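Engineer: Task: produce atomic coordinates for the following.
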Amino acid sequence: MKVLKTIIKPVVTEKSTKQGDMNIYAFWIEKTATKIDVKQAIKFLYGVDVEMVKIAKLPAKMRMYKKGEGIKRPAMKKAYVSLRGKAKLDMMKFEKDPQEAKVKKSPKTEKDETKNPQVKKATKTIKPSTK
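Structural biologist: Down below sits the predicted model:
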């Protein structure tokens, strides 16, 4: 399985934040992901060693609204990851592709904008009405 597609996003709740103090972190993962896939994905994305992975499957549920109308919440899969040693993760800095974050783009110049016909500048100015 692809490493970048294994982890969807981290679970950021009050419970998962408290577990983060004990080096246990929760992530939403793909339905077909295994423990080995999750371990490899955490190693690739965060660069830390994983001690143990636990997986929980959450079944689909029907949410009822007025007049018996319902909407189905899809089945989901969650992984609880514990780290080796005293390693910590910053859950707010979740990036799918760490290589893209490291690449700095050069600022565009006016010459670049004139060469590209798709780039349009806003030249219209708004004048206040005098009534």
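Engineer: switch to C-alpha atoms for all contacts and neighbour counts from now on
Structural biologist: Will do.
Engineer: count of residues packed around Ile7?
Structural biologist: Neighbouring residues of Ile7 were enumerated by other C-alpha atoms under 10 Å; the total is 21.
Engineer: quick one, what contacts it?
Structural biologist: Each residue near Ile7 by C-alpha atoms under 8 Å, 6 or more residues apart in numbering is listed here: 27-30, 38, 41.
Engineer: again with Lys15
Structural biologist: By C-alpha under 8 Å, 6+ apart, the contact set of Lys15 is empty.
Engineer: That one and Ala41: what is the separation?
Structural biologist: Using C-alpha to C-alpha, to the nearest Å, Lys15 is found at 23 Å from Ala41.
Engineer: about what we covered before: sort out for me which of the contacts of Ile7 are in helices.
Structural biologist: 38, 41 (DSSP state H).
Engineer: Selection in ChimeraX covering whichever of the contacts of Ile7 are buried, please.
Structural biologist: Here is the ChimeraX selection string for the buried members of the contacts of Ile7, based on 16 or more other C-alpha atoms under 10 Å:
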select :27,28,29,30,38,41
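Engineer: Can you lay out the contacts of Ile7 as CSV showing pLDDT and distance to Asp49?
Structural biologist: CSV is the format used below for those (pLDDT from 0 to 100; distance: C-alpha to C-alpha, whole Å):
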residue, pLDDT, distance to Asp49
Phe27, 95, 16
Trp28, 95, 19
Ile29, 95, 18
Glu30, 95, 21
Val38, 95, 12
Ala41, 92, 11
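Engineer: Turn the contacts of Ile7 into TSV, columns for distance to Met92.
Structural biologist: Shown next, in TSV, are the contacts of Ile7 (distance: C-alpha to C-alpha, whole Å):
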residue	distance to Met92
Phe27	12
Trp28	14
Ile29	17
Glu30	20
Val38	19
Ala41	17
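Engineer: and of the contacts of Ile7, the nearest to Ala75?
Structural biologist: Nearest to Ala75, judged by C-alpha to C-alpha, of those is Glu30 at 10.4 Å.
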